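Novice: kindly generate the corresponding structure for this input.
(one chain, ligands or ions: 1)
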Amino acid sequence: MLLEFDKVEKSFPTSDGSVPVLRGISFDLAAGQTLALTGESGSGKSTLLHVAAGLEGFDGGTVKVAGQPLGQLDDAARAALRRNDIALVFQQFNLIPSLTVAANIAFQARLAGRDDADHIATVSAALGLSDYLTKYPETLSGGQQQRVAIARALAAKPKLLLADEPTGNLDEGTAEEVLEQMLDLVAQTGAGLMLVTHSPAIAGRMQRRLHLKNGQLA
Ligand SMILES: Nc1ncnc2c1ncn2[C@@H]1O[C@H](COP(=O)(O)OP(=O)(O)OP(=O)(O)O)[C@@H](O)[C@H]1O
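Specialist: Predicted structure coming up:
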(Lines give C-alpha, C1' and ligand atoms only; values in the text may rest on other atoms or scores of the structure.)
Protein backbone atom coordinates (compact mmCIF):
# COMPACT_ATOMS: atom_id res chain seq x y z
CA MET A 1 0.00 0.00 0.00
CA LEU A 2 1.31 3.41 -0.98
CA LEU A 3 -0.34 5.56 1.67
CA GLU A 4 -1.96 4.34 4.88
CA PHE A 5 -3.66 6.43 7.55
CA ASP A 6 -4.77 4.57 10.65
CA LYS A 7 -6.74 6.47 13.32
CA VAL A 8 -4.74 9.64 12.74
CA GLU A 9 -5.32 12.49 15.20
CA LYS A 10 -4.10 16.05 14.80
CA SER A 11 -4.84 19.17 16.83
CA PHE A 12 -3.60 22.73 16.60
CA PRO A 13 -2.98 24.77 19.74
CA THR A 14 -4.93 28.03 19.85
CA SER A 15 -5.44 30.69 22.50
CA ASP A 16 -8.67 28.86 23.43
CA GLY A 17 -6.87 25.54 23.88
CA SER A 18 -6.23 22.69 21.52
CA VAL A 19 -8.54 22.45 18.49
CA PRO A 20 -8.84 19.01 16.89
CA VAL A 21 -8.65 19.07 13.08
CA LEU A 22 -8.23 15.38 12.25
CA ARG A 23 -10.16 13.01 14.53
CA GLY A 24 -9.41 9.38 13.84
CA ILE A 25 -8.71 9.46 10.10
CA SER A 26 -8.29 6.03 8.49
CA PHE A 27 -8.00 5.30 4.78
CA ASP A 28 -5.48 3.93 2.33
CA LEU A 29 -4.38 4.56 -1.23
CA ALA A 30 -2.88 1.88 -3.44
CA ALA A 31 -0.41 2.40 -6.27
CA GLY A 32 -2.21 3.49 -9.43
CA GLN A 33 -5.26 4.74 -7.52
CA THR A 34 -6.73 8.23 -7.65
CA LEU A 35 -8.54 9.79 -4.74
CA ALA A 36 -10.34 13.11 -4.34
CA LEU A 37 -10.47 14.76 -0.94
CA THR A 38 -13.32 17.24 -0.54
CA GLY A 39 -14.71 19.21 2.40
CA GLU A 40 -15.65 22.72 3.38
CA SER A 41 -13.06 25.43 3.74
CA GLY A 42 -11.28 24.92 7.05
CA SER A 43 -12.28 21.25 7.34
CA GLY A 44 -8.64 20.13 7.43
CA LYS A 45 -7.94 18.99 3.86
CA SER A 46 -4.62 20.82 3.55
CA THR A 47 -3.62 19.62 7.01
CA LEU A 48 -4.30 16.01 6.00
CA LEU A 49 -2.21 16.46 2.85
CA HIS A 50 0.66 18.02 4.83
CA VAL A 51 0.57 15.10 7.27
CA ALA A 52 0.66 12.63 4.37
CA ALA A 53 3.67 14.48 2.94
CA GLY A 54 5.53 14.34 6.24
CA LEU A 55 5.55 18.15 6.39
CA GLU A 56 3.32 18.32 9.43
CA GLY A 57 3.46 16.09 12.49
CA PHE A 58 0.46 14.36 14.03
CA ASP A 59 -0.59 13.52 17.57
CA GLY A 60 -1.92 9.97 17.35
CA GLY A 61 -2.37 7.02 15.02
CA THR A 62 -0.09 5.84 12.23
CA VAL A 63 0.81 7.21 8.80
CA LYS A 64 2.76 5.01 6.40
CA VAL A 65 4.13 6.03 3.00
CA ALA A 66 5.36 3.17 0.82
CA GLY A 67 5.22 1.01 3.95
CA GLN A 68 7.40 3.33 6.01
CA PRO A 69 5.86 4.71 9.22
CA LEU A 70 6.43 8.49 9.16
CA GLY A 71 6.23 8.74 12.94
CA GLN A 72 9.24 6.46 13.35
CA LEU A 73 11.53 7.99 10.72
CA ASP A 74 14.19 10.49 11.68
CA ASP A 75 14.38 13.82 9.85
CA ALA A 76 16.90 12.54 7.30
CA ALA A 77 14.86 9.46 6.43
CA ARG A 78 11.69 11.53 6.14
CA ALA A 79 13.48 14.01 3.88
CA ALA A 80 14.77 11.17 1.70
CA LEU A 81 11.26 9.74 1.36
CA ARG A 82 9.92 13.18 0.38
CA ARG A 83 12.72 13.72 -2.11
CA ASN A 84 12.49 10.32 -3.78
CA ASP A 85 8.90 9.18 -3.56
CA ILE A 86 6.53 12.07 -2.96
CA ALA A 87 5.73 15.06 -5.15
CA LEU A 88 3.59 17.93 -4.02
CA VAL A 89 1.58 20.52 -5.87
CA PHE A 90 0.45 23.08 -3.35
CA GLN A 91 -1.55 26.26 -3.57
CA GLN A 92 1.67 28.22 -3.17
CA PHE A 93 3.74 27.12 -6.14
CA ASN A 94 7.10 27.28 -4.32
CA LEU A 95 9.05 27.86 -7.52
CA ILE A 96 12.68 28.89 -7.17
CA PRO A 97 12.93 32.49 -8.45
CA SER A 98 16.63 32.31 -9.39
CA LEU A 99 16.13 29.25 -11.64
CA THR A 100 14.66 29.18 -15.13
CA VAL A 101 11.40 27.40 -15.79
CA ALA A 102 13.36 24.47 -17.25
CA ALA A 103 15.56 24.20 -14.15
CA ASN A 104 12.54 24.48 -11.88
CA ILE A 105 10.80 21.66 -13.77
CA ALA A 106 13.89 19.44 -13.59
CA PHE A 107 14.61 20.30 -9.96
CA GLN A 108 12.99 17.44 -8.07
CA ALA A 109 13.73 14.90 -10.79
CA ARG A 110 17.42 15.78 -10.39
CA LEU A 111 17.27 15.54 -6.62
CA ALA A 112 15.65 12.13 -6.94
CA GLY A 113 18.25 11.00 -9.49
CA ARG A 114 15.65 10.65 -12.24
CA ASP A 115 16.78 13.37 -14.57
CA ASP A 116 15.25 11.96 -17.74
CA ALA A 117 15.50 14.79 -20.33
CA ASP A 118 13.01 13.17 -22.72
CA HIS A 119 10.40 12.73 -20.01
CA ILE A 120 10.92 16.30 -18.78
CA ALA A 121 10.55 17.64 -22.34
CA THR A 122 7.39 15.58 -22.85
CA VAL A 123 5.83 16.82 -19.61
CA SER A 124 6.79 20.44 -20.36
CA ALA A 125 5.28 20.25 -23.83
CA ALA A 126 2.13 18.54 -22.60
CA LEU A 127 1.59 21.35 -20.11
CA GLY A 128 2.13 24.02 -22.79
CA LEU A 129 5.39 25.25 -21.30
CA SER A 130 7.81 24.69 -24.20
CA ASP A 131 7.97 28.40 -25.02
CA TYR A 132 8.71 29.43 -21.44
CA LEU A 133 11.62 27.14 -20.56
CA THR A 134 14.30 29.86 -20.58
CA LYS A 135 12.17 32.40 -18.70
CA TYR A 136 12.10 33.02 -14.95
CA PRO A 137 9.02 32.32 -12.81
CA GLU A 138 8.36 35.98 -11.93
CA THR A 139 7.72 36.77 -15.60
CA LEU A 140 4.94 34.15 -15.82
CA SER A 141 1.25 34.51 -15.01
CA GLY A 142 -0.22 32.71 -11.99
CA GLY A 143 -1.71 30.00 -14.19
CA GLN A 144 1.61 29.47 -15.99
CA GLN A 145 3.43 29.22 -12.66
CA GLN A 146 0.90 26.67 -11.50
CA ARG A 147 1.61 24.59 -14.61
CA VAL A 148 5.35 24.78 -13.88
CA ALA A 149 4.71 23.48 -10.36
CA ILE A 150 2.66 20.62 -11.79
CA ALA A 151 5.32 19.87 -14.43
CA ARG A 152 7.98 19.75 -11.71
CA ALA A 153 5.93 17.21 -9.76
CA LEU A 154 5.19 15.03 -12.80
CA ALA A 155 8.77 15.22 -14.09
CA ALA A 156 10.00 13.62 -10.87
CA LYS A 157 7.90 10.45 -11.51
CA PRO A 158 6.86 10.22 -7.85
CA LYS A 159 5.24 7.17 -6.29
CA LEU A 160 2.82 9.44 -4.47
CA LEU A 161 1.47 12.65 -5.93
CA LEU A 162 -0.26 14.99 -3.47
CA ALA A 163 -2.06 17.94 -4.97
CA ASP A 164 -3.92 20.77 -3.21
CA GLU A 165 -6.33 22.48 -5.63
CA PRO A 166 -3.77 21.97 -8.42
CA THR A 167 -5.87 23.55 -11.14
CA GLY A 168 -7.39 26.32 -9.00
CA ASN A 169 -5.75 29.16 -10.97
CA LEU A 170 -6.46 27.78 -14.43
CA ASP A 171 -9.32 28.39 -16.81
CA GLU A 172 -11.65 25.47 -17.38
CA GLY A 173 -10.06 24.27 -20.62
CA THR A 174 -6.51 24.43 -19.31
CA ALA A 175 -7.57 22.83 -16.02
CA GLU A 176 -9.03 19.92 -17.96
CA GLU A 177 -5.81 19.43 -19.98
CA VAL A 178 -3.64 19.63 -16.89
CA LEU A 179 -5.83 17.14 -15.07
CA GLU A 180 -5.48 14.78 -18.03
CA GLN A 181 -1.69 15.03 -17.70
CA MET A 182 -1.82 14.14 -14.04
CA LEU A 183 -4.10 11.18 -14.70
CA ASP A 184 -1.82 10.06 -17.56
CA LEU A 185 1.17 10.07 -15.23
CA VAL A 186 -0.70 7.92 -12.75
CA ALA A 187 -1.70 5.53 -15.54
CA GLN A 188 1.83 5.36 -16.99
CA THR A 189 3.85 5.10 -13.80
CA GLY A 190 1.43 3.53 -11.33
CA ALA A 191 1.73 6.53 -9.00
CA GLY A 192 -0.99 7.15 -6.45
CA LEU A 193 -2.75 10.50 -6.60
CA MET A 194 -4.55 12.26 -3.77
CA LEU A 195 -6.07 15.52 -4.89
CA VAL A 196 -7.84 18.15 -2.81
CA THR A 197 -10.57 19.94 -4.72
CA HIS A 198 -13.70 22.02 -4.24
CA SER A 199 -14.86 21.07 -7.74
CA PRO A 200 -17.39 18.24 -7.96
CA ALA A 201 -16.44 17.82 -11.63
CA ILE A 202 -12.77 17.23 -10.79
CA ALA A 203 -13.66 15.00 -7.83
CA GLY A 204 -15.80 13.00 -10.24
CA ARG A 205 -12.73 12.22 -12.37
CA MET A 206 -11.03 10.40 -9.49
CA GLN A 207 -11.64 6.73 -8.81
CA ARG A 208 -12.53 7.37 -5.17
CA ARG A 209 -13.84 10.31 -3.20
CA LEU A 210 -13.47 11.04 0.51
CA HIS A 211 -15.23 13.89 2.26
CA LEU A 212 -13.81 15.49 5.38
CA LYS A 213 -16.31 16.85 7.90
CA ASN A 214 -15.89 17.60 11.59
CA GLY A 215 -12.46 16.02 11.49
CA GLN A 216 -13.73 12.71 10.17
CA LEU A 217 -14.05 11.06 6.78
CA ALA A 218 -17.27 10.09 5.10
N1 LIG B 1 -0.50 25.92 11.65
C2 LIG B 1 -1.73 26.03 12.16
N3 LIG B 1 -1.93 26.49 13.41
C4 LIG B 1 -3.18 26.60 13.94
N5 LIG B 1 -4.29 26.25 13.27
C6 LIG B 1 -4.15 25.79 12.01
C7 LIG B 1 -2.87 25.66 11.38
N8 LIG B 1 -3.07 25.17 10.12
C9 LIG B 1 -4.38 25.02 9.98
N10 LIG B 1 -5.05 25.37 11.11
C11 LIG B 1 -6.52 25.30 11.34
O12 LIG B 1 -6.92 23.99 11.03
C13 LIG B 1 -8.18 24.01 10.36
C14 LIG B 1 -8.04 23.26 9.03
O15 LIG B 1 -7.23 24.04 8.12
P16 LIG B 1 -6.87 23.50 6.65
O17 LIG B 1 -6.03 24.54 6.01
O18 LIG B 1 -6.32 22.14 6.76
O19 LIG B 1 -8.33 23.45 5.99
P20 LIG B 1 -8.75 23.22 4.47
O21 LIG B 1 -9.89 22.25 4.49
O22 LIG B 1 -7.57 22.85 3.65
O23 LIG B 1 -9.27 24.67 4.05
P24 LIG B 1 -9.32 25.41 2.59
O25 LIG B 1 -10.29 24.63 1.75
O26 LIG B 1 -9.85 26.77 2.94
O27 LIG B 1 -7.92 25.44 2.04
C28 LIG B 1 -8.58 25.45 10.21
O29 LIG B 1 -9.48 25.77 11.26
C30 LIG B 1 -7.28 26.20 10.39
O31 LIG B 1 -7.52 27.45 10.95
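Novice: by contact count, what packs against the helix-or-strand element of the chain with minimal mean pLDDT?
Specialist: Scoring the helices and strands of the chain by mean pLDDT, DSSP states H and E places helix 172-189 at the bottom, with a mean of 85. The helices and strands touching helix 172-189, judged by 3 or more CB pairs under 8 Å, 6 or more residues apart in numbering; DSSP states H and E, are helix 117-126, helix 142-155, strand 160-164, strand 192-196, helix 200-205. Glycine gets a C-beta too; all of them are placed from N, C-alpha and C.
Novice: that one vs strand 160-164, what angle?
Specialist: 160 degrees (axes from the mean of the first three to the mean of the last three CA atoms, to 10 degrees).
Novice: tell me which residues of helix 172-189 come out buried.
Specialist: For helix 172-189, a neighbour-count test (16 or more other CB atoms under 10 Å) marks 174-175, 178-179, 181-183, 185-186, 189 as buried.
Novice: got the contact list for it?
Specialist: 32, 34, 123, 126-128, 143, 147, 150, 154, 157, 161, 163, 166-167, 170, 191-193, 195, 202, 205 (CB atoms under 8 Å, 6 or more residues apart in numbering).
Novice: any of these buried? List them.
Specialist: Of the contacts of helix 172-189, these count as buried by 16+ other CB under 10 Å: 34, 123, 126-128, 143, 147, 150, 154, 157, 161, 163, 166-167, 170, 191-193, 195, 202, 205.
Novice: near the ligand, list only the ones from these.
Specialist: Near the ligand, judged by CB under 6 Å from any ligand atom, there are no entries from these.
Novice: ok, residue 24 touching residue 9?
Specialist: Yes - with contact defined as CB atoms under 8 Å, residue 24 reaches residue 9; the gap is 6.4 Å.
Novice: what touches both of the two?
Specialist: Joint contacts of residue 24 and residue 9 (CB under 8 Å, 6+ apart) are residue 61.
Novice: returning to what we had before: can I get the helices and strands packed on helix 172-189 in JSON lines with mean pLDDT?
Specialist: Below are the helices and strands packed on helix 172-189 laid out as JSON lines (pLDDT from 0 to 100):
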{"stretch": "helix 117-126", "mean pLDDT": "90"}
{"stretch": "helix 142-155", "mean pLDDT": "92"}
{"stretch": "strand 160-164", "mean pLDDT": "95"}
{"stretch": "strand 192-196", "mean pLDDT": "96"}
{"stretch": "helix 200-205", "mean pLDDT": "92"}
